[in-house]
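Novice: Give the three-dimensional model of this entry:
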Amino acid sequence: MFGSMRWASLVLSFLLVAGAQRGPVLHAQACADPARPLALVLSGGGAKGMAHVGVLQVLDSLGIRPDLVVGTSMGAIVGALYASGLTADEILAGTSALDLDRRFNATDPKTPRAISEHRPILVWEAGASGPRSSEAYAREAATNSALSAALLRGNLIARGDFDSLPIPFRAVATDLRTREEVVLSTGDLALAVRASMGVPIVFDPVRIGGRDLIDGGIAANVPVAAARRAGAARVLVSDVGGQLPDSIVATDPLAVANLMVDYLFKQPAESLGADDRLIRAPVDTFANLEFDAARISELVRLGREAARVSFAERPSCDSPMLQPRRKRGQGFRLAPEAGQALEGETRTLWRYLGLEPATSLDVDRLQATLGDLAQSDEYLAVWLNPSGRQDSLSFELATRRAPRRLLVASAAYDNDLGGQLWAGVADRGQLIRGLELSGLGVLGELRRELTAGVRLGAYGHRRLRAFITGRLIWEDVRQFTASGGDLPAIASQERSIAGGLELRIGSEWLLVLGGGFQGWDSDSGSADQAGGLGARLASGPHYRTSRLSADGDLNAVFRRVEGDARYRFAIGSFGLTPHASLGWGDSLPVARTFELGGAAGFPGYHIGQLRGDRMAFAQLAIDRPLVGPVGGRVRAAAGQVATGGSVIPQEDWEFGFGVGLTAESPIGPLVLEYGVSVDGTDRWLLRVGEWF
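Specialist: Next comes the predicted model:
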């Protein structure tokens with residue numbers, strides 16, 4: 001399984017490199033005739049396409065406005081936003097809101113909340129075409145919803161005709177079967193852009209007009225010919241493609257394979273004339289999926305500088321056009337007959353989106369709702385397909401449902417806790433209409449768990465969902481001497497059944513309120529059972545590097561409250577992650593006591609060696625990329641645990657320091673760290689995968 005994922009990742013990188021193809025070479029030419037139609041052509045190239053925004057900044061500063069915009073892949077995203085009336089600075093803000101780093105991150109697949117908050121290695125989906133393995137290289141639902149939200153205003157202005165935009169627009173895709181170039185000028189604007197950026201393996205093909213479409217870079221990464229066919233007499237090309245290498249090490253199989261794919265996707269260079277202009281930013285050293293903020297900022301700068309040099313060497317003949325704003329389509333009103341014939345789930349979704357007939361459309365609400373749909377676990381895509389006259393707007397919703405059944409699995413290992421495997425299954429209304437059934441199993445050297453749950457179906461519109469969950473947990477709680485020596489573990493068992501409500505707040509926050517019955521016992525002699533209440537609030541899945549969470553349990557036997565906060569930010573090439581946790585409990589079962597440092601451990605100690613029913617912990621981790629996917633990390637931690645006493649533990653503080661190597665991979669994070677405490681105890685930690 002791991003081998004197939006590595007090869008899939010390799011093929012993906014080949015395709016992305018191939019998607020950043022060569023363009024023609026243009027030398028400075030004489031001044032062009034400004035009366036002839038000018039097309040702005042934006043190439044594909046993954047993250048390197050953010051250099052287009054720098055080019056647009058220069059066009060805005062010079063007051064140059066093209067008569068047509070044609071884009072491929074990332075160029076289609078930037079081009080569609082620009083053609084919709086946005087300035088370059090507004091596009092930069094909009095693409096930042098798309099959160100492209102997470103959407104293209106191979107280590108951030110989305111697991112349904114009903115199963116787990118942890119990252120899977122394998123996702124098996126049962127679809128209309130039968131079972132398939134989905135290795136989750138991109139968050140399909142999140143990307144589709146983000147595109148629909150970001151391009152909403154342009155979509156409403158176009159109403160199915162891209163010539164109706166402030167600047168006419170074309171998106172270039174590729175027919176999967178014939179490999180022919182497909183130029184999209186009508187339909188849903190967001191769907192057209194999604195087809196153009198549909199890198200194989202990363203995204204599923206998009207079906208439009210009976211054809212399955214994939215990334216346009218395979219057929220025309222620099223779509224000059226498409227611009228000319230659309231009526232352009234002059235083209236201004238922003239090309240962020242790479243160059244074929246002058247030489248290659250023939251004994252390197254990866255280099256040879258990469259070159260073969262380059263040849264496969266190489267296209268003949270389009271000829272440029274005296275009236276045309278080529279701007280090529282020096283972005284060859286950037287990777288196609290480097291969407292982090294620092295790299296994007298540098299790409300925009302390089303595009304801006306390349307454009308400035310080009311216009312300095314060869315000034316434009318286009319007269320500056322004083323245009324503070326192009327038309328933006330501020331007011332929209334739904335047609336009286338819009339949605340009248342809809343029934344059932346589609347009608348409910350229509351209302352949730354705020355599409356009430358004969359009313360003014362709340363564009364901001366619709367935009368926010370489209371962005372939230374990715375969190376519903378029910379839809380992979382909702383396309384609006386707007387149409388109608390200027391004073392009458394209609395929609396023909398096209399939805400793509402998430403798989404009805406899926407199986408997810410993951411594994412992890414470290415030299416302190418041993419190995420662990422988990423697998424989960426979900427059924428979304430296939431067995432019982434309107435209900436989501438789920439199950440989870442965990443098998444590890446120290447912990448075994450079985451969980452079954454029932455939730456009301458999401459249907460894309462339901463923020464508040466009722467649930468019932470049953471759980472059995474068997475855990476061997478390790479015990480240690482003061483010097484870190486092993487003592488016999490305490491075998492414990494916990495069983496519970498709980499019900500309540502889940503409330504989704506915004507796009508990520510989840511509030512859970514409920515109550516139920518718990519029972520527990522251990523071979524240390526403690527055993528009890530009680531009914532009680534519980535609450536939980538979290539800003540996102542457990543594995544996010546930036547996350548806030550709070551948990552509380554209250555019953556007749558014990559009380560437990562825990563808060564955790566961590567936030568990662570960048571300073572230059574360094575990433576800083578402050579992390580703090582605070583926990584308090586009373587009469588806790590041994591398996592529910594707090595571990596100092598949590599699953600990541602405390603430097604210099606065994607994981608779980610420092611344990612109690614009071615806990616305070618603070619840590620600062622600093623990371624930096626080193627070579628390829630490998631980075632270095634240092635962390636400094638301080639904390640204390642106690643049993644009994646005041647709410648904040650009053651024991652002596654522990655201090656520890658760790659230094660090591662980290663890497664992100666399709667199987668999760670990899671960590672090799674040496675940790676030492678101020679007391680002189682030290683430990684090596686080797687971990688493969690995310691612990692759960």
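Novice: and the gap between L501 and F203?
Specialist: Relative to F203, L501 is positioned 34 Å away (C-beta to C-beta, to the nearest Å). All C-beta atoms are positioned from the backbone trio N, CA, C, and that covers glycine.
Novice: More neighbours: those two, which one.
Specialist: F203 (19 against 13; other C-beta atoms under 10 Å).
Novice: Please verify my assumption that D416 contacts F602.
Specialist: No: counting by C-beta atoms under 8 Å, F602 is not a contact partner of D416; they are 11.5 Å apart.
Novice: more crowded one of these two?
Specialist: F602 (28 against 16).
Novice: Skip the chain neighbours and tell me the closest residue to R207.
Specialist: Leaving aside its sequence neighbours, R207 sits nearest to L213 (C-beta to C-beta, 6 or more residues apart in numbering; 7.3 Å).
Novice: next SSE after the helix or strand encompassing that neighbour?
Specialist: If you go by DSSP states H and E, L213 is part of strand 211-215. Using DSSP H and E, the helix or strand that follows strand 211-215 in sequence is helix 217-220.
Novice: Now do the buried residues in whichever helix or strand comes after that next one.
Specialist: Per DSSP H and E, helix 217-220 leads on to helix 224-229 as the next helix or strand towards the C-terminus. Neighbour-count burial for helix 224-229 flags 224-228 (criterion: 16 or more other C-beta atoms under 10 Å).
Novice: same deal with stretch 203-220?
Specialist: 203-206, 208, 211-220.
Novice: Start and end of it, how far apart?
Specialist: The first and last residues of stretch 203-220 sit 18 Å apart, counting by C-alpha to C-alpha, to the nearest Å.
Novice: Let's see the pLDDT reported for the closest residue to R401 other than its chain neighbours.
Specialist: Excluding its sequence neighbours, the residue lying closest to R401 (C-beta to C-beta, 6+ apart) is Y379, at 6.2 Å. Confidence at Y379, expressed as pLDDT, is 79.
Novice: Send me the longest helix that the chain contains as PDB with only the CA atoms.
Specialist: Counting by DSSP state H, the longest helix found in the chain is helix 293-313. The C-alpha trace of helix 293-313 is given here as PDB (Å, rounded to 0.1, in the frame of the first residue of the first chain):
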ATOM      1  CA  ALA A 293       2.400  32.400   2.400                       C
ATOM      2  CA  ALA A 294       6.100  33.100   2.200                       C
ATOM      3  CA  ARG A 295       6.600  31.400  -1.100                       C
ATOM      4  CA  ILE A 296       3.500  33.000  -2.600                       C
ATOM      5  CA  SER A 297       4.800  36.400  -1.600                       C
ATOM      6  CA  GLU A 298       8.100  35.700  -3.300                       C
ATOM      7  CA  LEU A 299       6.400  34.400  -6.500                       C
ATOM      8  CA  VAL A 300       4.200  37.600  -6.700                       C
ATOM      9  CA  ARG A 301       7.300  39.700  -6.300                       C
ATOM     10  CA  LEU A 302       9.200  37.800  -9.100                       C
ATOM     11  CA  GLY A 303       6.200  38.200 -11.400                       C
ATOM     12  CA  ARG A 304       6.000  41.900 -10.700                       C
ATOM     13  CA  GLU A 305       9.700  42.500 -11.300                       C
ATOM     14  CA  ALA A 306       9.600  40.500 -14.500                       C
ATOM     15  CA  ALA A 307       6.700  42.600 -15.800                       C
ATOM     16  CA  ARG A 308       8.400  45.900 -14.800                       C
ATOM     17  CA  VAL A 309      11.600  44.900 -16.700                       C
ATOM     18  CA  SER A 310       9.600  43.900 -19.700                       C
ATOM     19  CA  PHE A 311       7.700  47.200 -19.900                       C
ATOM     20  CA  ALA A 312      10.800  49.200 -19.100                       C
ATOM     21  CA  GLU A 313      12.600  47.600 -22.000                       C
END
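Novice: Give me the contacts around it.
Specialist: Helix 293-313 is contacted by residues 28, 47-48, 50-55, 57-59, 62, 92, 95-96, 101, 238, 240, 277-283, 286, 570, 572-573 when judged by C-beta atoms under 8 Å, 6 or more residues apart in numbering.
Novice: which of those residues count as buried?
Specialist: Using 16+ other C-beta under 10 Å, the buried ones in the contacts of helix 293-313 are 47-48, 50-55, 57-59, 62, 92, 95, 101, 238, 240, 277-281, 283, 286.
Novice: quick one: the most far-flung residue of the chain relative to its centre from G585, how far?
Specialist: Residue farthest from the centre of the chain, counting by C-alpha atoms, centre = their mean, is G525 at 46.7 Å. Using C-beta to C-beta, G525 is found at 19 Å from G585.
Novice: OK, contacts around A335?
Specialist: Contacts of A335 by C-beta under 8 Å, 6+ apart are 357-358, 388, 392-394.
Novice: same check, this time on P625
Specialist: 573, 631.
Novice: Mind checking what secondary structure it has?
Specialist: The local conformation at P625, judged by DSSP: H, G, I helix; E, B strand; the rest coil, is strand.
Novice: do L59 as well
Specialist: From three-state DSSP, the assignment for L59 is helix.
Novice: residues near the closest residue to L384 other than its chain neighbours, how many?
Specialist: Using C-beta to C-beta, 6+ apart and skipping residues adjacent in sequence, the residue nearest L384 is F395, 5.0 Å away. A count of neighbours around F395, defined by other C-beta under 10 Å, yields 24.
Novice: Dig out what F395 forms beta bridges with.
Specialist: P386 (DSSP bridges).
Novice: do the same with the one 10 residues further on
Specialist: According to DSSP bridges, the residues that bridge with R405 are A126, D427.
Novice: wait, doesn't E436 sit right on I468?
Specialist: No: the pair E436 / I468 is not scored as a contact, 11.3 Å apart, by C-beta under 8 Å.
Novice: residues of the longest helix of the chain that come out buried?
Specialist: In helix 293-313, counting by 16+ other C-beta under 10 Å, buried: 295-296, 298-300, 302-308, 310-311.
Novice: Wasn't I497 part of a strand?
Specialist: Yes: if the criterion is three-state DSSP, then I497 is within a strand.
Novice: how about it, what does it touch?
Specialist: 468-471, 516-517.
Novice: which residues touch the residue lying closest to it once chain neighbours are set aside?
Specialist: Spatial nearest neighbour of I497, chain neighbours left out: G470 (4.6 Å); criterion: C-beta to C-beta, 6+ apart. By C-beta under 8 Å, 6+ apart, G470 lies in contact with 451-453, 496-498.
Novice: Just the element for G470, please.
Specialist: Take DSSP H and E as the rule and G470 turns out to sit in strand 464-480.
Novice: buried sites along that strand?
Specialist: 465, 467, 469-471, 473-479.
Novice: Kindly report the same for stretch 360-380.
Specialist: 361, 363, 366-367, 369-380.
Novice: ditto for stretch 171-179
Specialist: 171-176.
Novice: Just the endpoints, please. Distance across it?
Specialist: 16 Å.
Novice: Equivalent analysis for stretch 521-531, please.
Specialist: 15 Å.
Novice: For stretch 125-134, what does the pLDDT average out to?
Specialist: Mean predicted confidence for stretch 125-134 is 58.
Novice: Show residues contacting the helix or strand harbouring A51.
Specialist: A51 is located in helix 51-62, with elements delineated by DSSP H and E. Counting by C-beta under 8 Å, 6+ apart, the neighbours of helix 51-62 from elsewhere in the structure are 40, 42, 65-66, 74-75, 78-79, 82, 87-89, 91-92, 95, 238, 240, 279, 281, 283, 299-308, 311, 316, 318, 320.
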